[in-house]
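[1] Just need the structure, nothing else, for what follows:
(one chain, ligands or ions: 1)
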Amino acid sequence: MDAEGFISRLRAQGDYEGQIAAVRVFPPRPAQFAAPARPIAPALLELLRREGIGQLYVHQALAYDLVRAGQDVVIATGTASGKSLCYLLPVLQELVENAASRALCLFPTKALAYDQLGALERMVTAGGLEGVARPACYDGDTPTHRRPGIRRNASILFSNPDMLHQSILPYHARWAGFFAGLRYVVLDEIHAYRGIFGSHVAGVVRRLLRICHHYGSQPVFICCSASLANPQELAEKLTGRQMRLIDEDGSPRGGRWFVIWNPPWEEPTVRVFRRSGNVEAYKLLIRLLEEGAGTIAFAKARVVAELLYRYARDGLERRRPELARKIRPYRGGYLPVERRQIERALARGELLAVCSTNALELGIDIGTLDAAIVVGFPGTLCSLWQQVGRAGRRQDESLAIFVAYDDPVDQYLARKPEFLFHRPVEQAIIDPQNPHILAAQLACAARELALRREELSAFGPLAEAVALELARAGRLRAGANGYHYAMPGLPHHETSLRTISNATYAIVDISGGREEVIGQVDSISAPELVYPQAIYLHQGESYIVRQLDLEARLARVERIDADYYTQPLLWSECRVEKEVLSGELHGGKRFFGEVAVRWQTVGFRKFKFHTMELIGQTRLELPAQQIRTAGCWLMPPAEALQVLRAAGHDVFEAAAGVRNLLAVALPALAMCDRYDIGGVVDSAQFGALTIVLYDRYEGGMGYARHAYEHAEQLLQLAYELVRSCECERGCPGCVGPPNLRVPVHHDPDVAYTYKIPDKVATIALLRDWLEPAVVRASAADDGLRASSVSLR
Ligand SMILES: [Zn+2]
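    Prediction:
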């Protein structure tokens, strides 16, 4: 497409209000080819020729040589750079040389496995290689009657970690032949294996390696990743093996135009709220469609994907009805057959646009699109670049538009585009040493094969202590040849890889006397989301929570017409249980350790839709919840607080501003969701004003640890975020509103007076903390002057 022309036409529109905050052009890049040193069978060369592949890209050739030499590798190159060939080629070569060999290819989602299987089957048939390669998918959808045949015959097995965990490893004896011949294990899209899921997958891979060892095989790992800051570290943590990193991308790329689109202020003179990013986005989508550009719009939430679709469809129906039929929404929750239909229609060009959640972010083939609209920062740069990469392949020019929301990170990116373009992507963090995850993995391992003591070290330094604990609790029994699982049944059924505990609440719609489950929420979040009388939004509809049944773990909700939404009032406290690490931080202090967090929904407030006018506040009596987790706590220097007090600032409010900023800055460094971390400000317990960040998972997930290790970088980023905002006294784009999910210190009996924290005080605190003493003296004066204005 002609991206430059499109951008200048946008600028020339009568209703253009300066939304384009930045435009960057990424020049096209030519292909770099290389010939592998190791031989490729003539049948495979022929197959490549049929696929139109005359030469391999440098990363494909290098991967082939290293893998064939028995080296574990991780390939971290761009979207659509031909990563599949990096593992398919060595796997197929192995099968040509040795028909008894086997390969296991694991994908984070079923859809991706089917997509890859389909592509391979087509290649195998076209190349007449049916006798050599017998690929098959084995997952929850595989019919029971087909499973024995697949176990016996498949030479390339496509599956997912959940299936390996639940249905393959516990029945390994049935797979004896497969494991004995297993030469290659492919882990694709490893950037999806982070947080809880990744920490569990690390355990599953160790269990897989024990089983392989038992049957006498030692497979080589081929890992593929999107661009990450630490692909090698992540691959090594997931597998426990030393990896060779391949990150020189030899694939060609067409030129790409990248636009940052910031919705204008609703009232330019007041400058508090910006216009809806969703509305701006659907209008851009319509314009792209009218110009015939194939477009994918990425939304952060399912509801938003549906909304964008409806807005765009309704908008087009009036002007270009034939185009209105060429859009579809796409998201999790659709039936697999519906999803396949949409993917195929896109790939064949029958559809022109799709409004999707991140469900289409992974590498499912949807053909060539011209443009991508990313509505709201998806949480990580890694995701953003994946989404942008879905448009434009090879030689074609493409356009990406990032539409900023009225939210701290989005606004920061709109103001500081260089952050987006020059910053390395995040680190993916996993913590296989989380004691809960480790306990679950060790129980499953012991059930599969007696767990010898010398095998424990492969599961990490805490494994021995956790195994002893399991033995004390009667779940494992120590025998002569190691630990045995001592309970009836399979522990696998109690362990989901995607959550820490299986405890979730069902959200049940009781409207009109029916009982239908319309959603789920994890038990930690339930009292904050579906408390009695809360308004629960689902598919754009309002539901009121009639009852929260803590015993039965369900919330009964009923459809109502409400012109308001609700926000919980949360009380929380965080107690330090054990200090593990401590250090200095620019004259202040930083700590890392174990913390106990208690929190409680003590009430809620009602706000009118659109105007956000506060129309009521109600108290609630719900029991407090508690978790023990990992925390990082930071203490500003005493003199910085003195200066702040002398200037008449509320130091607590300044710290609350910093806490809110840190809670949005941390996900930018560690690849977590804002929801994965919590924060409080406290002084009573610590004897000094302290900002605490903690992992919202029993046992911790590595994020607070990351905050401790990168505390300085984190504070600098928070300082950047707040300093660069155009607002006067604080707005949702910098110091907050109180993030619903970051609990706020609150006394329920005191009239609730929480407001957006004072931006001037927040800036003064960060400046005094971070800038050298010389600058500090004059800066404090500025702070004094500024504060005397804002306090009036
Ligand atoms: Zn602001």
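[2] Wasn't His59 part of a helix?
    Yes - judged by DSSP: H, G, I helix; E, B strand; the rest coil, His59 forms part of a helix.
[3] Can you tell me how far it is from Tyr215?
    Applying CB to CB, to the nearest Å, the value for His59 to Tyr215 is 32 Å. The C-beta positions use only the backbone N, C-alpha and C, and glycine is treated the same way.
[4] and those two? which has more neighbours close in?
    His59 (26 against 16; other CB atoms under 10 Å).
[5] my guess is Ile507 meets Glu516, correct?
    No - when contacts are counted by CB atoms under 8 Å, Ile507 is not listed as touching Glu516 (9.8 Å).
[6] Mind checking which of these two has more residues around it?
    The residue with more neighbours, out of Ile507 and Glu516, is Ile507; 22 against 9, by other CB under 10 Å.
[7] Run a quick neighbour tally on the closest residue to that one other than its chain neighbours.
    The spatial neighbour of Ile507 that comes closest, neighbours along the chain excluded (CB to CB, 6 or more residues apart in numbering), is Gly519 at 4.1 Å. Gly519: 19 surrounding residues under other CB under 10 Å.
[8] Report the secondary structure state of Gly519.
    Per three-state DSSP, Gly519 ends up strand.
[9] cool, Leu644 as well?
    Per three-state DSSP, Leu644 ends up helix.
[10] Settle this for me: it is touching Val651, isn't it.
    Yes - Leu644 lies in contact with Val651 (CB under 8 Å); the separation is 5.2 Å.
[11] residues contacting the residue in the stretch 1-150 of the chain that the ion sits nearest to?
    The ion sits closest to Ala21 of the stretch 1-150 of the chain, with a gap of 15.3 Å, by CB to the ion. The contact partners of Ala21, by CB atoms under 8 Å, 6 or more residues apart in numbering, come to Ile260, Trp261, Asn262, Ala404, Ala414, Arg415, Pro417.
[12] For the second one, give me the pLDDT.
    Per-residue confidence for Trp261 comes out at a pLDDT of 97.
[13] what about it, neighbour count?
    Neighbours of Trp261 under the rule other CB under 10 Å: 22.
[14] cool, the third one as well?
    Each residue near Asn262 was counted by other CB under 10 Å, and the total is 25.
[15] per-residue pLDDT, Gln441?
    97.
[16] Return the residues in contact with Ala126.
    By CB under 8 Å, 6+ apart, the residues touching Ala126 are Leu47, Arg50, Glu51.
[17] ok, 6 Å please
    With contact set as CB atoms under 6 Å, 6 or more residues apart in numbering, Ala126 has these partners: Arg50.
[18] go on, the one 10 residues further on?
    Ala136 makes contact with Ile150, Ala154, according to CB under 6 Å, 6+ apart.
[19] Any figure for the gap between His213 and Val337?
    For His213, the distance to Val337 equals 40 Å [CB to CB].
[20] Could you do Leu352 as well?
    Leu352 is 22 Å from Val337, by CB to CB.
[21] of these two, who's got more company?
    Leu352 (20 against 8).
[22] Look up the pLDDT of Leu307 for me, please.
    Confidence for Leu307, expressed as pLDDT, is 81.
[23] Then it would be within a helix, right?
    Yes - remark: Leu307 belongs to a helix, assigned using three-state DSSP.
[24] Can we start the residue count at 48 from this point?
    Shifting the count to begin at 48 puts that one at Leu354.
[25] That one: how many residues sit nearby?
    Neighbours around Leu354, by other CB under 10 Å: 22.
[26] got it, and the one 3 residues further on?
    Burial of Arg357, expressed as a neighbour count using other CB under 10 Å, amounts to 15.
[27] by contact count, what packs against the helix or strand harbouring it?
    According to DSSP states H and E, Arg357 maps onto helix 349-366. Under the contact criterion of 3 or more CB pairs under 6 Å, 6 or more residues apart in numbering; DSSP states H and E, helix 349-366 touches helix 324-337, helix 368-371, strand 374-377, strand 400-403.
[28] So which elements touch the second one?
    Contacting helix 368-371 under the criterion 3+ CB pairs under 6 Å, 6+ apart are the following elements: helix 349-366.
[29] Could you tell me the angle between the helix it packs on and helix 324-337?
    Per axes from the mean of the first three to the mean of the last three CA atoms, to 10 degrees, the angle that helix 349-366 makes with helix 324-337 is 50 degrees.
[30] burial of Gly196, as a residue count?
    10.
[31] Return whatever helix or strand it lives in as PDB; C-alpha atoms alone will do.
    Using DSSP H and E, the element containing Gly196 is helix 194-200. Presented in PDB, the C-alpha positions along helix 194-200 are these (Å, rounded to 0.1, in the frame of the first residue of the first chain):
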ATOM      1  CA  ARG A 194      -5.100 -41.700  19.700                       C
ATOM      2  CA  PRO A 195      -3.500 -45.200  19.700                       C
ATOM      3  CA  GLY A 196      -2.600 -44.900  16.000                       C
ATOM      4  CA  ILE A 197      -1.000 -41.500  16.600                       C
ATOM      5  CA  ARG A 198       1.000 -42.800  19.500                       C
ATOM      6  CA  ARG A 199       2.300 -45.700  17.300                       C
ATOM      7  CA  ASN A 200       2.800 -44.000  14.000                       C
END
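[32] what separates it from the chain centre, distance-wise?
    35 Å (CA atoms, centre = their mean, to the nearest Å).
[33] how about Tyr552, secondary structure?
    Following three-state DSSP, Tyr552 is assigned to strand.
[34] pLDDT of stretch 130-144, averaged?
    Here the average pLDDT along stretch 130-144 is 96.
[35] who touches it?
    If you take CB under 6 Å, 6+ apart as the criterion, stretch 130-144 is touched by 88, 91, 107, 110-111, 114-115, 122, 148, 150, 179-180, 202, 230-231, 233, 269, 271.
[36] thinking again about what came up before, now the helices and strands packed on helix 349-366 as CSV including mean neighbour count and mean pLDDT?
    Formatted as CSV, the helices and strands packed on helix 349-366 follow (neighbours: other CB atoms under 10 Å; pLDDT from 0 to 100):
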stretch, mean neighbour count, mean pLDDT
helix 324-337, 22, 94
helix 368-371, 13, 94
strand 374-377, 22, 90
strand 400-403, 28, 94
